[in-house]
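Colleague: The following block contains a protein sequence and its predicted model.
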Amino acid sequence: MRAAYFAPCHLKSLNIGLPALELLRGVPGLDIRLIEAECCGLGGLYGFKKEKYEITEDIGRDLANEVRLINPR
């Protein structure tokens with residue numbers, strides 16, 4: 001099984017590494033790929049506001065494209 005992992009901007013700013021990624025790498029049979037996209041566009045409550053939908057779509061487009069490359073359908 002293959003999966004993508006993206007570390008959100010706020011996690012990167014904590015400078016504590018990627019503990020969830022390390023846990024996922026320990027799952028037998030899971031091919032986990034780290035995505036190096038800039039931003040998901042959903043940080044905090046900003047991305048959940050209806051009036052911000054188009055902006056978050058634009059911000060997260062790079063991330064969505066990277067996920068498609070890892071797991072094409």
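Modeller: Received, thanks.

Colleague: and the longest helix along the chain, what does it pack onto?
Modeller: Longest helix in the chain, counting residues (DSSP state H): helix 53-70. Under the contact criterion of 3 or more CB pairs under 8 Å, 6 or more residues apart in numbering; DSSP states H and E, helix 53-70 touches strand 2-6, strand 31-35. (C-beta placed from N, C-alpha, C; glycine too.)

Colleague: What strands line up against the last one, and which way round?
Modeller: Read that as strand 31-35. Applying DSSP bridges to the sheet, strand 31-35 is found paired with strand 2-6 (parallel).

Colleague: mean confidence for the partner strand?
Modeller: Averaging pLDDT along strand 2-6 yields 90.

Colleague: any idea how far residue 54 lies from residue 13?
Modeller: Noted for residue 54: a distance of 25 Å to residue 13, by CB to CB, to the nearest Å.

Colleague: measure stretch 48-57 end to end?
Modeller: Across stretch 48-57, the terminal residues are separated by 11 Å (CA to CA, to the nearest Å).

Colleague: Any stretches of the chain with poor pLDDT?
Modeller: 73 (pLDDT under 70).

Colleague: mind redoing it with 90?
Modeller: The chain contains residues with pLDDT under 90 at 1-2, 4, 6-15, 17, 35-73.

Colleague: quick revisit: could you dump the helices and strands packed on helix 53-70 into a markdown table with mean neighbour count and distance to residue 19 added?
Modeller: Listed next are those as a markdown table, based on neighbours: other CB atoms under 10 Å; distance: least, CB to CB, whole Å:
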| stretch | mean neighbour count | distance to residue 19 |
| --- | --- | --- |
| strand 2-6 | 14 | 11 |
| strand 31-35 | 15 | 13 |
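
Colleague: could I get the ones you listed as TSV with distance to residue 42?
Modeller: As requested, these are exported to TSV (distance: least, CB to CB, whole Å):
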stretch	distance to residue 42
strand 2-6	10
strand 31-35	14
